[in-house]
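coordinates for the following, if possible.
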Amino acid sequence: MNGSDSIATRAIPEPVATRDEVLRYPPGDLALWIFILAELLVFGVFFAAYAFTRLNHVELFNTYQATLNRDAALINTLALLTSSYFVMRGVVAIRENDSRLCVRWLWAAIGMGAVFLVVKTVEYAHHFGEGISLSTNTFYMFYLSLTFFHFMHVILGMVILVAVALKAGRGGYSRTEHTGVESGASYWHMVDLVWLILFPLVYVMR
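Predicted coordinates for the structure are as follows:
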């Protein structure tokens with residue numbers, strides 16, 4: 001091979017993903033989006049039932065709503081908002097083909113999810129220590145059902161993010177193929193969105 005052929009070979013650029021290949025709408029796997037929409041529908045029914053029941057028991061709901069720890073709920077709101085930001089940064093990192101940075105952001109998001117679980121567990125422990133259960137009254141029935149249903153979704157979301165982070169750490173995603181990262185991020189944002197509705201509805205609205 002002569003010198004000109006060697007130079008020509010070195011000059012050939014690596015294939016670069018087009019903008020449409022990197023940015024797909026909706027981001028992530030379509031099947032997961034169907035699952036997310038189904039989950040949102042279930043939560044929507046829960047929220048509608050809560051709001052309708054509250055209209056008929058305003059005094060009861062206001063009385064027992066005052067027993068909830070709004071400071072803990074606010075901490076959890078900030079934790080989930082921060083975690084969603086971290087997840088978003090993880091998606092940006094993998095779109096820029098930086099797997100290591102993506103993994104760091106994802107583990108940071110998982111850490112904030114763990115903060116949510118710890119705070120909520122302490123809150124539950126307090127309620128159960130006071131003898132509160134689903135059968136205590138209508139308000140606590142809704143409160144415990146709604147928040148625990150969301151609590152389980154946080155756990156599932158963290159499991160998904162852990163799986164994504166581990167795969168990303170092994171180099172399983174790239175600038176051109178990162179559907180798994182986007183899918184995990186989309187589910188986590190859904191969990192965050194639900195809490196942003198649940199928090200004012202259950203803890204604040206009077």
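
what about Val191, which helix or strand?
Taking DSSP states H and E as the criterion, Val191 maps to helix 179-198.

please compute how far that helix lies from its chain's middle.
4 Å (Cα atoms, centre = their mean, to the nearest Å).

and stretch 83-96, by the same measure?
Its chain's C-alpha centre and that of stretch 83-96 lie 13 Å apart, by Cα atoms, centre = their mean.

again, but for stretch 160-168
Centroid separation between stretch 160-168 and its chain, computed with Cα atoms, centre = their mean, is 14 Å.

could you do stretch 122-135 as well?
The chain centroid and the centroid of stretch 122-135 are separated by 25 Å, computed with Cα atoms, centre = their mean.

could I get the buried residue list for it?
123, 127, 132 (16 or more other Cβ atoms under 10 Å). From N, CA and C alone the C-beta is placed, and that goes for glycine too.

among those residues, which ones are in strands?
With strands taken from DSSP state E, there is no overlap with the buried residues of stretch 122-135.

looking at the residues you listed, which are in helices?
Mapping those onto helices (DSSP state H) picks out 123, 127.

closest one to Tyr203 out of the buried residues of stretch 122-135, please.
The closest of the buried residues of stretch 122-135 to Tyr203 turns out to be Glu123 (Cβ to Cβ; 10.7 Å).

assign the nearest residue to the closest one once chain neighbours are set aside to helix, strand or coil.
Spatially, and ignoring its direct neighbours in sequence, Glu123 is nearest to Ala72 (5.1 Å; Cβ to Cβ, 6 or more residues apart in numbering). Following DSSP: H, G, I helix; E, B strand; the rest coil, the label given to Ala72 is helix.
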